[in-house]
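J.: Quick one: sequence and predicted model below, then my questions.
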Amino acid sequence: MSISDTTRIRLRSAKMTQYCGTSLSETLYTTPLTVCLTGPLGAGKTQFLQGFAKGLGIRETILSPTYALEQRYPSTYWGEVLHIDLYRLEGNDAKEIVASSDHHPGIRCIEWSDRVARLTESADIHIHLADVPQSSEERDLTITFRDIAIPSPKNIEKWRREIKLPKGIANHCDAVADFAKRAADALICEGRIVRREALQRAAQLHDLLRFVDFSEEDRKQEDAWQPWNQQYASVRHEAACAAFLREQGFPAIAKIVETHGLNTPNPPTLTTEQKLLFYADKRVGKTQVMSLDERFEDFLARYGDLFPLEENQRWLSEAKRIEHELFPKDPPL
């Protein structure tokens, strides 16, 4: 089931608008990708794209291609970025230039996309910037994601019921989802884009197959687990859950889930949602929010004999690094 994911952000300055654009580059999951921008003249669309380009590793300064109509730039990981400006085009002229790039394999950014009605309704990512009354600096940004499939609450209920997920694990997942949402809101207030809906669903599912890590004796106590234990016998629960979600048609949610431990090789860069889920999971013991040091002591008390101390210390070190990166002033809650 595909669910749109919408976030609203108050941008207090041009610098914050560029920062917000850069943060979009840290929450990408697939190509080809069409990013459409709308809003009045001077609302900050090009400033936003300049930040986005910087995050994509583009060294050139993004300028409005009003006269050239389009510009092309190589990115570090996402192929060619195509920047189109429809400000001076209307009707068939606007439709033709858009149609000519419909099969662009990388990222296509279209300013003034409302010149072609179907774009706003079908864009993978739609960004609208609006002026704030009585303010020359502030802007309101609304971003809607339609580029990835997100499971519904009914999906989650169904899977938990079929798998017979223990209530304690389900409660932990829900507590992690609640903390992750509040941490995401703190970042959004600072101008950072976060896919809240995708993050919350990933958090609710991150330990769905936690039982594949149980001892053989514990796993035998539940008949419903046997097919899953056999299917994912060679992997830990992070990779098992990710594989399950890909089989169900949710590859982006799988990507967020699979790195919440330290057992799967990480990609060259982690998305904001991956970082937040990893961090939230390390802040919640059962259902209680703790500091990282408190959570580490709790984990050692409960599971210290099951994992090498070096591995435990590695996740603590990584969690503190992510905490400082995301919340350099004060960690949330």
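T.: Structure received.
J.: drop to CA atoms for contacts and neighbour counts, all remaining ones
T.: OK.
J.: what secondary structure does the residue of the chain most remote from its centre sit in?
T.: Within the chain, residue 217 marks the point farthest from the mean C-alpha position, 36.7 Å out by CA atoms, centre = their mean. Using DSSP: H, G, I helix; E, B strand; the rest coil, the structure places residue 217 in helix.
J.: give the contact list for it.
T.: With CA atoms under 8 Å, 6 or more residues apart in numbering as the criterion, no residue contacts residue 217.
J.: from here on, count from 825
T.: Done: numbering now begins at 825, and the last item shifts to residue 1041.
J.: Quick check: it vs residue 1035, distance?
T.: 11 Å (CA to CA, to the nearest Å).
J.: and residue 883, helix, strand or coil?
T.: On the basis of three-state DSSP, residue 883 is classed as coil.
J.: which stretches of the protein aren't confidently modelled?
T.: By pLDDT under 70, the low-scoring segments of the chain are 825-826, 889-892, 1086-1092, 1128-1132.
J.: And the helices in it?
T.: 838-848, 869-879, 915-923, 941-946, 977-987, 991-1013, 1020-1029, 1040-1043, 1050-1055, 1061-1071, 1075-1082, 1096-1107, 1116-1127, 1133-1150 (DSSP state H).
J.: got JSON lines for these, with distance to residue 827 too?
T.: As requested, the helices of the chain are arranged in JSON lines below (distance: least, CA to CA, whole Å):
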{"stretch": "helix 838-848", "distance to residue 827": "19"}
{"stretch": "helix 869-879", "distance to residue 827": "24"}
{"stretch": "helix 915-923", "distance to residue 827": "25"}
{"stretch": "helix 941-946", "distance to residue 827": "13"}
{"stretch": "helix 977-987", "distance to residue 827": "11"}
{"stretch": "helix 991-1013", "distance to residue 827": "17"}
{"stretch": "helix 1020-1029", "distance to residue 827": "8"}
{"stretch": "helix 1040-1043", "distance to residue 827": "34"}
{"stretch": "helix 1050-1055", "distance to residue 827": "27"}
{"stretch": "helix 1061-1071", "distance to residue 827": "16"}
{"stretch": "helix 1075-1082", "distance to residue 827": "12"}
{"stretch": "helix 1096-1107", "distance to residue 827": "17"}
{"stretch": "helix 1116-1127", "distance to residue 827": "33"}
{"stretch": "helix 1133-1150", "distance to residue 827": "26"}
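J.: nearest to residue 885, of these?
T.: helix 869-879 (6.7 Å; CA to CA).
J.: now the angle from the closest one to helix 838-848?
T.: On the basis of axes from the mean of the first three to the mean of the last three CA atoms, to 10 degrees, helix 869-879 is oriented at 50 degrees to helix 838-848.
J.: Dump helix 869-879 to PDB, restricted to CA.
T.: The C-alpha trace of helix 869-879 is given here as PDB (Å, rounded to 0.1, in the frame of the first residue of the first chain):
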ATOM      1  CA  LYS A 869      13.000  27.500  -4.800                       C
ATOM      2  CA  THR A 870      16.500  28.000  -6.300                       C
ATOM      3  CA  GLN A 871      18.100  28.500  -2.800                       C
ATOM      4  CA  PHE A 872      16.500  25.200  -1.800                       C
ATOM      5  CA  LEU A 873      17.900  23.500  -4.900                       C
ATOM      6  CA  GLN A 874      21.400  24.900  -4.300                       C
ATOM      7  CA  GLY A 875      21.400  23.200  -0.900                       C
ATOM      8  CA  PHE A 876      20.000  20.000  -2.400                       C
ATOM      9  CA  ALA A 877      22.800  20.000  -5.100                       C
ATOM     10  CA  LYS A 878      25.500  20.600  -2.500                       C
ATOM     11  CA  GLY A 879      24.200  17.500  -0.600                       C
END
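J.: sorry, back to before: any idea how far residue 1126 is from the residue farthest from the centre of the chain?
T.: 18 Å.
J.: and if you look at residue 881?
T.: Residue 881 is 43 Å from residue 1126, by CA to CA.
J.: Likewise for residue 1035?
T.: 16 Å.
J.: Then residue 1137?
T.: Distance from residue 1137 to residue 1126, by CA to CA: 15 Å.
J.: of those two, who's got more company?
T.: When neighbours are counted by other CA atoms under 10 Å, residue 1137 comes out ahead of the other of residue 1137 and residue 1126, with 13 against 10.
J.: Could you tell me how far that one is located from residue 949?
T.: 38 Å.
J.: repeat for residue 1055
T.: On the measure of CA to CA, residue 1055 and residue 949 end up 36 Å apart.
J.: Those two: which is more packed in?
T.: residue 949 (23 against 12).
J.: who's in contact with that one?
T.: 857-860, 967-971.
J.: Please pick the buried ones from these.
T.: For these, a burial check counting by 16 or more other CA atoms under 10 Å picks out 857-860, 967-971.
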